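J.: Show me the folded form of this:
(one chain, ligands or ions: 1)
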Amino acid sequence: MNVLVLGAGQLARMMALAGAPLNLKVSAYDVRSGNLVHPVTLEVLGHGLENGIAGADIITAEFEHIAPDILSTCQASGKFSPGEEAILTGGDRRKEKALLDKAGVNNARYHTIQNREDFDTALSTIGVPMIVKSALDGYDGKGQWRLKSLDDIEPTWRDIAAFLQASHQGDRQCVIAEEFVPFDREVSLIGARNANGELEVYPLTENIHTDGILSVSVAAGENEALQTQAEAMFKAVADALDYVGVLAIEFFDVNGTLMVNEIAPRVHNSGHWTQQGAEVCQFENHLRAVCNLPLGSAARIRPTAMINIVGEVTVPDEVMRIAHVHWYDKAPRPGRKIGHINVCADTTAELSIILKDLASLLAENEFPALKDAASSLSK
Ligand code: AMP
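T.: All right, here's what the predicted structure looks like:
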């Protein structure tokens, strides 16, 4: 079967690698250049979306910031999963918030802002502290403003007004104000849903971010109560979208109660641990779901942690003695994810020890949060 992925980054690459044993041939459509490329070698295979669609049995996506005309063309082909509506929802916080409300899942109070009047209403209904996020084009904490005190109101509004005016998205762009959630930690749930509505859901992963970018994800101890809450919300959201494929949901854990932060209608960075830590990884399960093949078990086979390799950093080969290194064949640039490291162990205590060993091989400033993750596991 031929699968076309919209987007030619590391997620398409890892789908191609996971699909090979199933004879699933994955190619990628680079939405910027219009080229059809091999997702692993980046060899150019052709040009143009129409050609890509003609050669594909199935179409899917690796990210959500895709022009609406590309999405509607793919939708019209009848081959697109999870489909236009799911991708548009993941790429637009306004739609996302409406979906969370429709699905009846707990999420931060919000107000949509298009002008100063809306901003003032948000200030009076939500109050300070408040966090404001762009509706479109926001990722890894970009397009966000934090109002910590009343002194921030005027300068922040000037920034937001300038942002709205400069947006190339025109009237489609707006910002969403959210209450500031005093969360204890951030967790995410990744799962696959097939066309019959069957689910395979991985255990919750704890995520540690640095400057808005994911540093470390840990899939270790079980918390049955949180897992039950997360799975119920996952099912509600996936069913509301009639979703087919892998879906990721990021949550805030507020004193044992989960609140959805955002969804990603695709395989997700916080699910990379599944490559070594789960029976069937998220990339394979995504392909299985969209190709209408039986889903594979999402059971965790051993405690596992994933550490992102971000920017111009050094990873000595010695790391390979204790961990699995996944490179994306990308040129290093500040803030750019260029690979990740998966670390597995038989027990949580052993995972903590191996993470400490790993930390001793890597520069602390290049791998922030690694030491903290190791010591929080040993508690
Ligand atoms: P996002 O792009 O929505 O994932 O936001 C990036 C990061 O900002 C999240 O990972 C949180 O650490 C933080 N954040 C987002 N929304 C809120 C909120 N409503 N309250 C507190 N922190 C938030």
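J.: hey, where'd the helices end up in the stretch 151-300 of the chain?
T.: With DSSP state H, counting those that start in this stretch as the criterion, the stretch 151-300 of the chain has helices at 153-166, 224-240, 274-277, 282-290.
J.: who touches the nearest residue to residue 251 once chain neighbours are set aside in this structure?
T.: Distance criterion CB to CB, 6 or more residues apart in numbering; nearest residue to residue 251, sequence neighbours excluded, is residue 258 at 4.4 Å. Where you see a C-beta, it was placed from the backbone N, CA and C, and this is true even at glycine. The neighbours of residue 258, taking CB atoms under 8 Å, 6 or more residues apart in numbering as the test, are 106, 187, 226, 229-230, 233, 251-252.
J.: Neighbour-wise, give me the winner out of those.
T.: residue 251 (27 neighbours; other CB atoms under 10 Å).
J.: contacting residues around it?
T.: By CB under 8 Å, 6+ apart, the contact set of residue 251 is 186-189, 230, 233, 258-261.
J.: related to what we said a few turns ago, distance of the residue nearest to residue 251 relative to residue 250?
T.: Distance of residue 258 to residue 250, computed by CB to CB, to the nearest Å: 10 Å.
J.: where in this protein is pLDDT low?
T.: 139-141 (pLDDT under 70).
J.: That one against the ligand: which residues are in contact?
T.: Residues of the chain found near the ligand (CB under 6 Å from any ligand atom) are 108, 131, 133, 138, 141, 178, 180-181, 186, 209, 212, 261-262.
J.: go again using 8 Å as the cut-off
T.: Contacts of the chain with the ligand, taken as CB under 8 Å from any ligand atom, map to 93, 108, 131, 133, 138-142, 144, 178-183, 186, 207, 209, 212, 250, 252, 261-262.
J.: Just the buried ones from the residues you listed?
T.: The neighbour-count test (16 or more other CB atoms under 10 Å) marks 93, 108, 131, 133, 138, 178-179, 183, 186, 207, 250, 252, 261-262 as buried among the residues of the chain next to the ligand.
J.: hang on, the earlier thing: most tightly packed of the helices of the stretch 151-300 of the chain?
T.: Neighbour counts (mean count of other CB atoms under 10 Å) averaged over each of the helices of the stretch 151-300 of the chain peak at helix 282-290, with a mean of 28.
J.: How far does the next helix-or-strand element following that helix sit from its chain's centre?
T.: Per DSSP states H and E, helix 282-290 leads on to strand 304-310 as the next helix or strand towards the C-terminus. In terms of CA atoms, centre = their mean, to the nearest Å, the centre of strand 304-310 is set 14 Å apart from its chain centre.
J.: Now tell me what touches strand 304-310 from outside.
T.: 213-220, 269-270, 272-274, 276-278, 315, 327, 335-345, 351, 355, 358, 367, 370, 373.
J.: circling back: looking at the contacts of residue 251, point me to the pair that's furthest apart.
T.: Spatially, the most separated pair among the contacts of residue 251 is 186 and 233, at 14.7 Å (CB to CB).
J.: any idea how far the residue of the chain positioned farthest from its centre is from the ligand?
T.: Note on the chain: the largest C-alpha distance from the chain mean falls to residue 151, namely 33.3 Å (CA atoms, centre = their mean). Computed as CB to the nearest ligand atom, to the nearest Å, the residue 151 to the ligand distance reads 19 Å.
J.: ok, now residue 113?
T.: In terms of CB to the nearest ligand atom, residue 113 sits 14 Å off from the ligand.
J.: domain assignment for the chain?
T.: 2-80, 109-179, 185-378 (automatic domain parsing).
J.: what bridges to the residue nearest to residue 251?
T.: Counting by DSSP bridges, residue 258 is bridged to residue 253.
J.: How about residue 61?
T.: Residue 61 forms beta bridges with residue 6, as assigned by DSSP bridges.
J.: if I read this right, it contacts residue 9, doesn't it?
T.: No - contact criterion CB atoms under 8 Å: residue 61 and residue 9 do not qualify, at 11.0 Å.
J.: quick one, which of these two is more surrounded?
T.: Comparing residue 61 with residue 9 by other CB under 10 Å, the one with more neighbours is residue 61, at 32 against 16.
J.: For the residue sitting nearest the centre point of the chain, give me its contacts.
T.: Central residue of the chain (CA atoms, centre = their mean): residue 268, 3.8 Å from the mean position. Going by CB under 8 Å, 6+ apart, residue 268 touches 188, 190, 246, 248, 282.
J.: coming back round to it: okay, and which of the buried ones among the residues of the chain next to the ligand map to strands?
T.: Among these, DSSP state E puts 131, 133, 178-179, 186, 207, 250, 252, 261-262 in strands.
J.: CSV for those residues, including distance to residue 118?
T.: Formatted as CSV, these follow (distance: CB to CB, whole Å):
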residue, distance to residue 118
131, 15
133, 14
178, 14
179, 16
186, 28
207, 31
250, 25
252, 24
261, 22
262, 21
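J.: Farthest-apart pair in these, please.
T.: Spatial extent of these (CB to CB) is set by the pair 179 and 207 at 20.6 Å.
J.: wait, which of the helices of the stretch 151-300 of the chain is closest to residue 81?
T.: Per CB to CB, nearest to residue 81 of these: helix 282-290, 4.2 Å.
J.: circling back: which stretch among the domains of the chain comes nearest residue 102?
T.: For residue 102, the closest of these is domain 185-378, at 5.6 Å, according to CB to CB.
J.: First-to-last residue distance for the closest one?
T.: 17 Å (CA to CA, to the nearest Å).
J.: cool, and stretch 31-39?
T.: 13 Å.
J.: How about stretch 173-181?
T.: 24 Å.
J.: and that stretch, how far from the chain's centre?
T.: 19 Å.
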